[in-house]
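>>> structure for this input, please:
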Amino acid sequence: MKSVTCTAPVNIAVVKYWGKRDENLVLPLNSSVSVTLSQDQLRAKTTICACEHFTENKIWLNGREDTFESPRIQNLLKEVKNRAKQQGDGGKILDWKIHICSENNFPTAAGLASSAAGYACLAFTLARLYRLEGDISDIARRGSGSACRSVHGGFVVWDKGDKDDGTDSISRQIAPHTHWPDLHVLILVVSDKKKHIGSSEGMQTTVRSSELMLERVRQVPKRVDLISNAILSKDFDSFATHTMKESNQLHAVCLDTYPPISYLTDVSRQVITLVHAYNKYCGQNKVAYTFDAGPNACLYLLEENVAMVTALIKYLFPPEDVSEHFVTGLPVDEAKVPEDFISTLNLPIQQGAIKYMIHTVPGDGPQVLTDNDECLLNENGDPNYLVPEKRKIDCVS
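Numbers count the residues shown, from 1 in each chain. The predicted structure is shown next:
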């Protein structure tokens, strides 16, 4: 029996991946840029156990047994094994059945990049299990396109590539997470429910029906350069402007899809209005929003502005139960909202409209865990929550 447990982070794109030029190989129509977030607040954890006595492959996701026959899982596992065989270091366990147990510490399928973290973690853990060397971003891509960005920490570009076989469609780090130490992130969870239209389905419909999509694809390379340069120079004003324009364009393309797709809610749009109003009040960009395929806002801002922006969010979207922890993650100092700014806002106070906030920062890439208490499978290869009295297997063996 051999077991490995790893974690992988969430990444939030500032230049979005939306649309594929090859569905099977998961090749994007355009390049994208993202920020990897700290795993202290947002991460997927996966334990994979291989044993010669297992009779079938099994997988448990977030507390429930799932089907192992998913084409994404099959493609990813096939790619890892093929590469391990080519390197000649996989060993006899390549023929053994495996058990996989994975869990997220954040809502799944709600527009918080759960598939990116999950498939990056799966690819990374399989690579460690089979002693695979080298870049695995193209393998993670086969599970979920944006997962290829979560195999790196910090600030990441996913090059769309031009080759038909997808070998040049890989991700690369343009700066480590320590590059911009005062850049912080606030995630506003408007809904932790499953999206009404999944990203894959939404992309296919957009590519098939949106006339604006061609113009977007034409513009993206310039925006990739602009945002990459803003990151490297730590130019927050430029970073904020192009991040917000990019988010707006993505959702404009979704609305141009037929039938139209609307991932944003009234609360999402109220957050957008608040951000622009506050930036105008300050005379410069103090905060930037971006929305993936969901209603939850991701706000980028410098550390010096975290307390004030948090206070504004709490003022406009107070929690229903003040005893609950509305702000999770990193601690936030108290701040008093400026009354002259509030008096100019024509926005209603919506209690309970935002469920909670996550305060985090850019973070590192996937990690191997060696603490046996972190393992999700026991000595029989079953999830610990099913047979809690069974001792856990060694995390790395």
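
>>> going by C-alpha atoms from here, please, whenever you check contacts or count neighbours.
Noted.

>>> in the stretch 201-350 of the chain, which spans are strands?
Assigned by DSSP state E, counting those that start in this stretch, the stretch 201-350 of the chain shows strands spanning 287-291, 297-302, 327-329.

>>> may I have the first one exported as CSV, CA atoms only?
Coordinates of each C-alpha in strand 287-291 appear next as CSV, following Å, rounded to 0.1, in the frame of the first residue of the first chain:
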residue,chain,number,x,y,z
VAL,A,287,-10.2,48.6,-4.7
ALA,A,288,-10.9,46.4,-7.7
TYR,A,289,-13.6,43.8,-8.2
THR,A,290,-13.7,40.7,-10.4
PHE,A,291,-16.4,38.1,-10.8
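
>>> strands paired with that strand, and their directions?
On the basis of DSSP bridges, the sheet neighbours of strand 287-291 come out as strand 297-302 (antiparallel).

>>> picking up where we left off before, with mean neighbour count and distance to residue 340 added, can I get the strands of the stretch 201-350 of the chain in a markdown table?
What follows is the strands of the stretch 201-350 of the chain, written out as a markdown table (neighbours: other C-alpha atoms under 10 Å; distance: least, C-alpha to C-alpha, whole Å):
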| stretch | mean neighbour count | distance to residue 340 |
| --- | --- | --- |
| strand 287-291 | 26 | 19 |
| strand 297-302 | 23 | 22 |
| strand 327-329 | 17 | 25 |
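
>>> which one of those strands has the lowest average pLDDT?
Ranked on mean pLDDT, the bottom entry among the strands of the stretch 201-350 of the chain is strand 327-329, at a mean of 92.

>>> so what's the residue count around residue 76?
The burial metric for residue 76, expressed as a neighbour count using other C-alpha atoms under 10 Å, is 21.

>>> just the residues contacting the host helix or strand of it, thanks.
When elements are assigned from DSSP states H and E, residue 76 belongs to helix 71-87. Contacts to helix 71-87, defined as C-alpha atoms under 8 Å, 6 or more residues apart in numbering, come from residues 68, 90, 94, 123, 126-127, 130-132, 139-140, 142-144.

>>> quick one: strands adjacent to the following helix or strand past that helix?
Moving toward the C-terminus from helix 71-87, the first helix or strand encountered (DSSP H and E) is strand 97-104. The strands that strand 97-104 pairs with in its sheet are strand 43-51 (antiparallel), strand 58-61 (parallel) (by DSSP bridges).

>>> pick the most buried one from the ones you listed.
strand 43-51 (a mean of 26; mean count of other C-alpha atoms under 10 Å).

>>> any idea how far that one is from the chain center?
Using C-alpha atoms, centre = their mean, to the nearest Å, the mean C-alpha position of strand 43-51 is found 19 Å from that of the whole chain.

>>> between the strands paired with strand 97-104, which gets nearest to residue 16?
Nearest of these to residue 16, taken as C-alpha to C-alpha: strand 43-51 at 20.2 Å.

>>> what about that closest one, average pLDDT?
The predicted model assigns strand 43-51 a mean pLDDT of 97.

>>> swap in stretch 225-243?
This predicted structure assigns stretch 225-243 an average pLDDT of 98.

>>> report the buried residues of it.
Of the residues in stretch 225-243, those scored as buried under the neighbour-count criterion (16 or more other C-alpha atoms under 10 Å) are 227-228, 230-231, 234, 236-240, 242-243.

>>> helices along the stretch 151-300 of the chain, start to end?
Secondary structure of the stretch 151-300 of the chain (DSSP state H, counting those that start in this stretch): helices located at 199-209, 212-233, 236-256, 266-282.

>>> and residue 138, that's in a strand?
No. For residue 138, which was evaluated using DSSP: H, G, I helix; E, B strand; the rest coil, the result is helix, with no strand membership.

>>> excluding chain neighbours, what is closest to it?
Nearest in space to residue 138, with sequence neighbours left out and distances taken as C-alpha to C-alpha, 6 or more residues apart in numbering, is residue 170 at 5.3 Å.

>>> over to residue 254?
In space, not counting the residues next to it along the chain, residue 254 is nearest to residue 261; the distance is 5.1 Å by C-alpha to C-alpha, 6+ apart.

>>> can you list the weak-confidence ranges in the stretch 151-300 of the chain?
Residue ranges of the stretch 151-300 of the chain with pLDDT under 70: 192-195.

>>> mean confidence score for stretch 364-378?
96.

>>> so how far is it off the chain centroid?
The offset between the C-alpha centroid of stretch 364-378 and the centroid of the whole chain comes to 19 Å, using C-alpha atoms, centre = their mean.

>>> how long is that stretch from one end to the other?
End-to-end distance for stretch 364-378: 28 Å, by C-alpha to C-alpha, to the nearest Å.

>>> now that stretch: buried residues?
Neighbour-count burial for stretch 364-378, with 16+ other C-alpha under 10 Å as criterion, is recorded at 364-369, 374-378.

>>> contacting residues around stretch 13-28?
If you take C-alpha under 8 Å, 6+ apart as the criterion, stretch 13-28 is touched by 29-35, 141-142, 144-146, 160-161, 165-166, 169, 203-204, 206-207, 220, 223-224, 227, 243, 246-247, 250, 290, 292.

>>> likewise stretch 176-187?
Applying C-alpha under 8 Å, 6+ apart, the set of residues contacting stretch 176-187 from outside is 36, 153-155, 231, 234, 296-304, 306, 357-364.

>>> no more questions from me, cheers.
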